[in-house]
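> below are the sequence and a predicted model for it; my questions follow.
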Amino acid sequence: MEAPSSAPLRLAPAKRTRSRLVGIVASWVLLSLTAGLLGGKLLFSPSPTAPPLYRQLTFRRGSIRSARFAPDGQTILYSASWQGTPTDVFTARPEAPEARSMGLSHTQLVSVSSNSEMAVLLNSKAIGTWVSMGTLARAPLVGGAPREVLEQVQWADWSPDGNNLAVVRDYGGRNRLEFPIGKSLYETGGWIGHPRFSPKGDWIAFLDHPVQGDDRGSVALVDKAGHRKTLSTEWYTIQGLAWSGDGHEIWFTASKSGVDRTLYAVTLDGKERMVLRLPGALMLFDIFHDGRVLMMRASWRRELVGIIEGENGQRDLSWLDYSYPAEVSRNGKILLFDEEGGGGALAYSKSGGLTYAVYLRKTDGSPAVLLGEGGAVSLSPDGKWVVAQTQDSPSQLKLLPTGAGEAKDLTKDNINHSWAHWFPDGERILFSGNEPGKGVKLYVYELASGHNQPITPEGVNGTAFVISPDSRLVAAIGPDQKGYLYPVAGGQAQLIAGLSPGEQPISFSPDSRSLYIYQPGELPARVDLLDLQSGRRKLWKQLMPSDPAGVETIGPILITPDGKTCVFGYHRMLADLYLVEGLR
């Protein structure tokens, strides 16, 4: 009875020993296979991509407008304004920290040809936050006087053979891209920026912005026959564009919220990808055929200054990072503005869309009050309502209460709305906008009926117009860039005597007989009071922030009718230029 029971006891240790041996062998086999796989991966896998190499090219305090590679790929040309001096053209090389001025004061570089010739804008003046205008000229890189080509040009780019130029300019009340000069390829009631020829010369890429004065938009292409297509989605801000070295992609700098732009690429069939993200606002200027990149990293801000009745000096009324003034109340005590940068986007971060934030603030410096989402446009005479602009396409107008109440839609149509002002009676609104494929007009909108009536021809300036205190006239800039008084009730427009080309109205005097006017792009900004009967003018004030470094434009300027309170905005850019290698 014991023998059968004792046999398993002797056999069990031998069975466990064999199992342990099998386990050990299996473990060694697994370890060997793992080691082999890791060794093979290390031997045959590509090495990690090296990080990009950054070489800083500028070291002074100020703003940079443009930069391009010369044909040799080693010389770099750029336009900058340092410590508040006028924009100049400089040459630099990566191995030398000191740049050389080319002696072209008030001149902006726009393109460099394959034939070593520059295209520049002489007497360049900012006509808005994002756009400058001047006389297009050709200038050799080796030096010599520029030769003038065309007046009132905003952008230009050489064709790949270096023989002809594509240009962007206002024509017939619309912004248009031309190639060759005089042949329209694309026109818009908004604005066109950063045109660049493809390496083969068969396409021109550009940034298409649907609303005047706003830099949201998308990447678009047009061929020499005028066939256009949109490549990218719409971006909250989009500035800077260049073709990749192989011509297969278009690179651009943009953001879905805030002003800190990121470098992206889009293929010709619309596939987007991110190339580079860094803290700060990036702007792409140029890409050499070997893939090296010229790019700016900047701090962009919009700031507000108030000159308040009874106070000495200037009061800083800025709130967050990008404060844009819309309107000041008639008594000078309330300021309407919006935040269009990262701060404004954070106020409505949960919405996930393209958005600004509307604020109201007392000019005594009290904290600002957030009213709602959108772009601030106009404050009602009784101070109870604000007209705001939506960020839809087409952009619409809505009403926001300044106290208790609900927001209301004001317009629902196919017009792309730009700007607006309340009439003194509070029952009508004057707004600017353009229908698809047309230029901007001014419309009188009746709140009670919802009916609107155009009072100007197509092609007026959509951001520079004011209503007289007696509600009879509107001062605006016509399609020919001249100033006119348009009767609100209809009839023949009257040319504004004494208003120089490029000057814009700010507000009427209380008796409707004079206009406060200024020339955008001048630093400091000179504000004159223009007598509408005689055409004579006298200086009212010169406006300039106490720190001029990086200040590119002054405006909008808001003045109460009695001239006792003034609020003005200005755009400040402090930037550094970089040469970047190794981006993929």
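The structure has been received and is ready for your questions.

> switch to C-alpha atoms for all contacts and neighbour counts from now on
OK.

> what is the distance between stretch 244-253 and the centre of its chain?
Stretch 244-253 has its C-alpha centroid displaced from the chain centroid by 20 Å (C-alpha atoms, centre = their mean, to the nearest Å).

> quick thing: my sequence starts at 527, can you match it?
Yep, numbering from 527; the last one is stretch 770-779 now.

> what's around the closest residue in space to E865 that isn't next to it in sequence, how many residues?
Among residues not flanking E865 along the chain, S849 sits closest, at 4.8 Å (C-alpha to C-alpha, 6 or more residues apart in numbering). Using other C-alpha atoms under 10 Å, S849 is surrounded by 26 other residues.

> next: the one 10 residues further on.
By the other C-alpha under 10 Å criterion, the neighbourhood of K859 contains 16 residues.

> repeat that for R1110.
12.

> so it is in contact with M800, correct?
No. With contacts counted by C-alpha atoms under 8 Å, R1110 stays clear of M800, the gap being 9.8 Å.

> look up how far P620 lies from the residue nearest to E865.
36 Å (C-alpha to C-alpha, to the nearest Å).

> and the strands in the stretch 627-776 of the chain, which stretches?
For the stretch 627-776 of the chain, the strands defined by DSSP state E, counting those that start in this stretch occupy 634-638, 643-652, 658-666, 673-679, 681-684, 691-697, 700-704, 710-714, 717-723, 729-735, 744-749, 754-756, 763-769, 775-781.

> just those: most buried one?
Sort the strands of the stretch 627-776 of the chain by mean neighbour count, taking mean count of other C-alpha atoms under 10 Å, and strand 634-638 sits at the top with a mean of 27.

> tell me the angle it makes with strand 658-666.
50 degrees (axes from the mean of the first three to the mean of the last three C-alpha atoms, to 10 degrees).

> ok and strand 634-638 relative to strand 643-652, angle-wise?
If you take the same axes, to 10 degrees, strand 634-638 sits at 150 degrees to strand 643-652.

> what angle separates strand 634-638 from strand 691-697?
When the same axes, to 10 degrees is applied, the directions of strand 634-638 and strand 691-697 differ by 140 degrees.

> and strand 634-638, what does it pack onto?
strand 588-595, strand 602-608, strand 614-619, strand 643-652, strand 681-684 (3 or more C-alpha pairs under 8 Å, 6 or more residues apart in numbering; DSSP states H and E).

> nearest to N857, out of these?
strand 643-652 (30.6 Å; C-alpha to C-alpha).

> was I right to think I1032 contacts V992?
Yes. Under the criterion of C-alpha under 8 Å, I1032 makes contact with V992 at 6.8 Å.

> low-confidence ranges, the chain, go.
The model of the chain has pLDDT under 70 over residues 527-574, 623, 869-880.

> how about the helices in it?
Ranges of helices within the chain are 528-570, 868-873, based on DSSP state H.

> measure A663 to G629 for me?
Using C-alpha to C-alpha, A663 is found at 15 Å from G629.

> sorry, that was for S1040
Distance of S1040 to G629, given as C-alpha to C-alpha: 40 Å.

> which one's more surrounded, those two?
S1040 (21 against 11).

> surely M628 touches A618?
No. The pair M628 / A618 is not scored as a contact, 10.7 Å apart, by C-alpha under 8 Å.

> more neighbours, these two?
A618 (19 against 15).

> go ahead and confirm the more buried one touches A596.
No. With contact defined as C-alpha under 8 Å, A618 does not count as touching A596 (10.2 Å).
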